[in-house]
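>>> return atomic coordinates for the entry below.
(one chain, ligands or ions: 1)
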Amino acid sequence: MKVLVTGGAGYIGSHTVLELLRLEHEVTVIDDLSNSSIESIRRVEKLSARKVKFYQGNILDKNLLRTVFGRNTFTTVIHFAGYKAVGESIKEPLSYYHNNITGTISLVEEMLKYRVHNLIFSSSATVYGSASVPPYNENSELGQPTSPYGQTKLIIEQVLQDVVSSNSDFKVSSLRYFNPIGADESGEIGEDPKGIPNNLMPFISQVASGKLDKLSIFGSDYKTEDGTCERDYVHVTDLANGHVNALNWIEKQKLSVFEVFNLGTGKPSSVLQMVNSFQQHTKQRIPFEIVDKRPGDLAAFWADVNKAERDLNWSAKKSLRNMMEDTWNWQKNNPNGY
Ligand SMILES: NC(=O)c1ccc[n+]([C@@H]2O[C@H](COP(=O)([O-])OP(=O)(O)OC[C@H]3O[C@@H](n4cnc5c(N)ncnc54)[C@H](O)[C@@H]3O)[C@@H](O)[C@H]2O)c1
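Model (predicted):
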C-alpha cells in the first residue's frame, strides 16, 4: 500500500515507518523536524534496506501539502504530526491548538480534495479523563482533559467524526494510545526527547546513563498498591504494529466510518514497579526521590483492549522485560540521542 505518514520522523512515527517498510509498503513522510531528527529516517532506511520519500515541512503549509498530494497517490494517511508535551501545552495553549487542530484540518482538507479517504489518527488515553473507572473501554465516558494537549485530541476526534458524518467516503480509525515506551530491538531508533524528559521511561534511562542525577517520583500516597501512579505501558513496536493492523482494517471498510480503538496491554504497572523492573533487567541502579504530586495526575488507568483484539486482530506481544532491555539498549548506544 502507499501510505503518507505525517510526523514520521518522530518517536512512534519512525517505529511505524519501519514496520511498514519491513512489510514492503511504500512510505512517504512529511515532518517539519520540530521535535525530531532526519537521522531517524536514515536509520529506518538502513534497518529495512528500503527508501522513504521524505518531505521536510509543516502540515499547515498548504503549498507543501498540494505538492505532496499532487505528486503522489496514497491509499491511507497515518497522522502523527502534532505537539505532545502536556506541561508545555499549559504554557503555550495557542501554539498547541493551532498546530494540532488547525494542522489536522489543513491535512484533512487536502485529503478530501485529492480523494484520499482513509485516515489513521494518533489519539490518546488522555481523552478519558477522570470520570470513568479503569479499565477504560472505547465507550467509557470522555472526560475534561486536564491540559490543552489533551483537549486537542478530544476536539480533533470530534472534528473527524463530523467530517465522517458529512462525507460518505471518509473513513477514520482513531487509535487511543496508552503509555508507549521502549525502542526497536536493534537499538538504532528510540525516543529522543529534547531537554528534561516529561515521561517516566526516558527519565529513568537518562538517570541510568548518568545524564540526570536521580528520578523524581511524583507522589507516593495514591490509592494504589504501592502508593505510586499506575499506567498501562505498551512497547512502541507493538504500537507500531497496531497501526499496520489498523491500515488493513481501514482498507477493508466499505462504508464511511469513525471508529476508535484502545492500544495498550490491558495491564497496569506502578512507577515503583517500573523502576524495579528496569533495575532488574538492565542491572543499572536508579536513585530516586519522592516529590510532590503533579496537579492533574490520575492515580491509575489502563486499557480494556478487547475491541482491538477482536476487530483489529491486534494485541501487545512484548513483555515489561523487553520494554526495559530495549529502552536501555537504545539509551546506552545513543546517550545523546540521534
Ligand atoms: N508518546 C506518547 O506518549 C503519546 C501518547 C499518546 C498519543 N501520542 C500522539 O502520538 C503522536 C506521535 O507522538 P510521538 O511520541 O511520536 O511524538 P514526536 O514528537 O516524537 O513525533 C511527532 C512528530 O511530528 C512532527 N511535527 C509536529 N508538528 C508538526 C507539523 N505541524 N507538521 C509536520 N510535522 C510536525 C515532529 O517534528 C515530530 O517528528 C502525537 O500526535 C502524539 O500526540 C503520543
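>>> so what touches the helix or strand bottoming out on mean pLDDT in the chain?
The weakest-scoring helix or strand in the chain, judged by mean pLDDT, DSSP states H and E, is helix 86-91 (a mean of 92). Under the criterion C-beta atoms under 8 Å, 6 or more residues apart in numbering, residues 83, 96, 126, 147, 148, 149, 150, 152, 198 lie in contact with helix 86-91. C-betas here are computed from N, CA, C, even on glycine.
>>> surely the second one is in contact with residue 148?
Same thing as residue 96. Yes - using C-beta atoms under 8 Å, residue 96 is in contact with residue 148, at 4.8 Å.
>>> residues contacting whatever residue of the stretch 201-338 of the chain ends up closest to the ligand?
The nearest approach of the stretch 201-338 of the chain to the ligand comes at residue 236, 8.3 Å away (C-beta to the nearest ligand atom). Neighbouring residues of residue 236 by C-beta under 8 Å, 6+ apart: 11, 12, 15, 180, 181, 182, 183, 184, 191.
>>> quick one: pLDDT of it?
Confidence at residue 236, expressed as pLDDT, is 98.
>>> and what of the one 5 residues further on?
The pLDDT attached to residue 241 in the predicted structure is 98.
>>> tally of neighbours for it?
23 (other C-beta atoms under 10 Å).
>>> for it, grab phi and psi.
Main-chain dihedrals, residue 241, degrees, to the nearest 10: phi -70, psi -30.
>>> what about the residue in the stretch 1-150 of the chain that the ligand sits nearest to, how many neighbours?
Here the stretch 1-150 of the chain gets closest to the ligand at one residue, residue 10, 2.0 Å apart by C-beta to the nearest ligand atom. Around residue 10 there are 27 other residues, counting by other C-beta under 10 Å.
>>> interface residues of the stretch 51-200 of the chain facing the ligand?
Applying C-beta under 6 Å from any ligand atom, we find that the stretch 51-200 of the chain lies next to the ligand at 58-60, 80-84, 99, 103, 122, 124, 177, 180.
>>> so which helix or strand takes in residue 30?
Assigning secondary structure by DSSP states H and E places residue 30 in strand 26-31.
>>> quick check: next helix or strand after the least confident helix or strand of the chain?
On the C-terminal side of helix 86-91, the closest following helix or strand by DSSP H and E is helix 93-96.
>>> list the contacts of that following helix.
With contacts defined as C-beta under 8 Å, 6+ apart, helix 93-96 is touched by 83, 88, 89, 148, 149, 152.
>>> which parts of this protein are strands?
Remark: strands assigned in the chain by DSSP state E are 2-6, 26-31, 53-56, 76-79, 118-124, 171-177, 179-181, 215-218, 230-231, 233-235, 257-263, 269-270, 288-291.
>>> who are the packing partners of the first one?
Taking 3 or more C-beta pairs under 8 Å, 6 or more residues apart in numbering; DSSP states H and E as the contact definition, the neighbouring helices and strands of strand 2-6 are helix 11-22, strand 26-31, strand 76-79.
>>> switch to 10 Å and redo it
Packing contacts for strand 2-6, counted by 3 or more C-beta pairs under 10 Å, 6 or more residues apart in numbering; DSSP states H and E, involve helix 11-22, strand 26-31, strand 53-56, helix 62-71, strand 76-79, helix 103-113, strand 118-124, helix 236-252.
>>> output the longest helix belonging to this protein.
In the chain, assigned by DSSP state H, the helix with the most residues is helix 148-166.
>>> restricting to C-alpha, output it in CSV.
C-alpha atoms of helix 148-166 as CSV (Å, rounded to 0.1, in the frame of the first residue of the first chain):
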residue,chain,number,x,y,z
PRO,A,148,-4.7,21.9,26.3
TYR,A,149,-2.8,19.0,24.8
GLY,A,150,-5.5,16.6,25.9
GLN,A,151,-8.2,19.0,24.7
THR,A,152,-6.7,19.0,21.2
LYS,A,153,-7.1,15.2,21.0
LEU,A,154,-10.7,15.3,22.1
ILE,A,155,-11.5,18.2,19.7
ILE,A,156,-9.8,16.5,16.8
GLU,A,157,-11.7,13.3,17.4
GLN,A,158,-14.9,15.4,17.3
VAL,A,159,-13.8,17.2,14.1
LEU,A,160,-13.1,13.9,12.4
GLN,A,161,-16.4,12.4,13.5
ASP,A,162,-18.2,15.4,12.0
VAL,A,163,-16.3,15.0,8.7
VAL,A,164,-17.2,11.4,8.5
SER,A,165,-20.9,12.3,9.1
SER,A,166,-20.7,14.8,6.2
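>>> what is that helix packed up against?
Against helix 148-166 (3+ C-beta pairs under 10 Å, 6+ apart) you get helix 86-91, helix 93-96, helix 103-113, strand 118-124, strand 171-177, strand 257-263.
>>> tabulate the strands of the chain in CSV, adding columns for mean neighbour count and distance to residue 135.
Below are the strands of the chain laid out as CSV (neighbours: other C-beta atoms under 10 Å; distance: least, C-beta to C-beta, whole Å):
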stretch, mean neighbour count, distance to residue 135
strand 2-6, 24, 29
strand 26-31, 24, 33
strand 53-56, 16, 38
strand 76-79, 26, 26
strand 118-124, 24, 16
strand 171-177, 24, 12
strand 179-181, 24, 14
strand 215-218, 18, 22
strand 230-231, 22, 11
strand 233-235, 26, 13
strand 257-263, 21, 9
strand 269-270, 22, 14
strand 288-291, 13, 27
